[in-house]
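K.L.:
no FASTA, just this:
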């Protein structure tokens, strides 16, 4: 691993400096709008300088379209450049329009539909520009890389600005495969491309690695017969069912779910399990953040397995579980794809509170609708006494 680390860091640099790919088909009104801008050599503006606008500017560049300015009502963004294009306040637009009849605005904002739609359209009409195209939800998925989590803005730019810290993460990964997974995951965002390495079967997520040659699961860590599992983001119980279906056993499972509707369905589903499995599961309807008191939640049980898929609150969970992690030394399997900071902050936090842990990255099958297949990235932090 040490001998190839330099090469992986070099590959990271190349990826961060690589071009935009995007092989998705562009059709219908969006294709017409893009082509019209090229055919008529129109002055192009973008309304919306927030969610993944950096990606959208890069996308337009692949069509030979260089936006003149990006408009955003947030005055704090004025003067910021995204891939060489300045963000300005909409009130300044008229100063940059040379020919309103030959100008075009792409509306690229997560807030277009709904209350602000009429306000945006009124502004465009007042500017004298009569030709515009509001990107649909489907368009946004195609041309940008992280619209499912619109609060996680301009991820590519974050990665490019944090090369050294990403190298630090590469340095702690235990095997070559983990490094390849991380590089490919980052590449999907930088190049707006599909994840092209093998995705492991989703039924093994949190529990197993996968052996391609034998087409079967293999252990990534030593399983215990009396596992005490803190299952955070239990949802409707799917991973608990996968756990028992894999033949794994437990002393106790704490199923924590913050959404009441999901919790109600979780109760119904757990009641469908055989009694010997059902009696092991204790459901907790709790929204997890950095103030969650797991002492009250778990009693005196020693946690041996901790997993989380909680929509961006994973680091908050780890912070609230700091004492548990330090004293119980559980296997940690935690999702790493919700926020751009995850690849840096989550492993560094774990490293700061425990020693003698081994780190692995694995990528499991993405859910339907994730066109880039870049979700379901899981970090395993395994205490050396549980290592295979």
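P.N.:
Good, I have the coordinates. Everything numeric here is computed off the predicted structure, so don't read it as measured data.
K.L.:
low-confidence regions, the chain specifically.
P.N.:
Along the chain, segments meeting pLDDT under 70 span 1-3, 51, 110-115, 145-152.
K.L.:
is it true that residue 143 touches residue 56?
P.N.:
Yes. Contact criterion CB atoms under 8 Å: residue 143 and residue 56 qualify, at 5.6 Å. (Each C-beta comes from the backbone N, C-alpha and C, glycine too.)
K.L.:
what helices and strands are in contact with the particular helix or strand that has residue 86 in it?
P.N.:
For residue 86, the host element (DSSP states H and E) is strand 85-88. With contacts taken as 3 or more CB pairs under 8 Å, 6 or more residues apart in numbering; DSSP states H and E, strand 85-88 sits against strand 69-71.
K.L.:
just checking: what are the partner strands of the strand it packs on?
P.N.:
strand 43-47 (parallel), strand 85-88 (parallel) (DSSP bridges).
K.L.:
pull the residues that contact that strand.
P.N.:
The contact list for strand 69-71 (CB atoms under 8 Å, 6 or more residues apart in numbering) reads 45-49, 53, 57, 82, 85-90, 93, 96, 105.
K.L.:
which SSE is immediately downstream of that strand?
P.N.:
strand 81-82.
K.L.:
phi, psi for residue 42 please.
P.N.:
Note on residue 42: backbone dihedrals following degrees, to the nearest 10 are phi -80, psi 150.
K.L.:
if I look at it, how far off is residue 349?
P.N.:
48 Å (CB to CB, to the nearest Å).
K.L.:
of the two, which one has the most company?
P.N.:
residue 42 (20 against 16; other CB atoms under 10 Å).
K.L.:
residue contacts, the more buried one?
P.N.:
36, 102, 103, 104, 131.
K.L.:
farthest pair within those residues?
P.N.:
Within the contacts of residue 42, two members stand farthest from each other by CB to CB: 36 and 103, at 11.6 Å.
K.L.:
find residues that contact each of those two.
P.N.:
Common contacts of residue 36 and residue 103 (CB under 8 Å, 6+ apart): 42, 131.
K.L.:
the two: which is more packed in?
P.N.:
residue 103 (23 against 13).
K.L.:
which helix or strand contains the residue nearest to residue 234 when sequence neighbours are not counted?
P.N.:
Excluding the flanking residues, the one nearest residue 234 by CB to CB, 6 or more residues apart in numbering is residue 255, at 3.8 Å. Per DSSP H and E, residue 255 falls inside strand 250-256.
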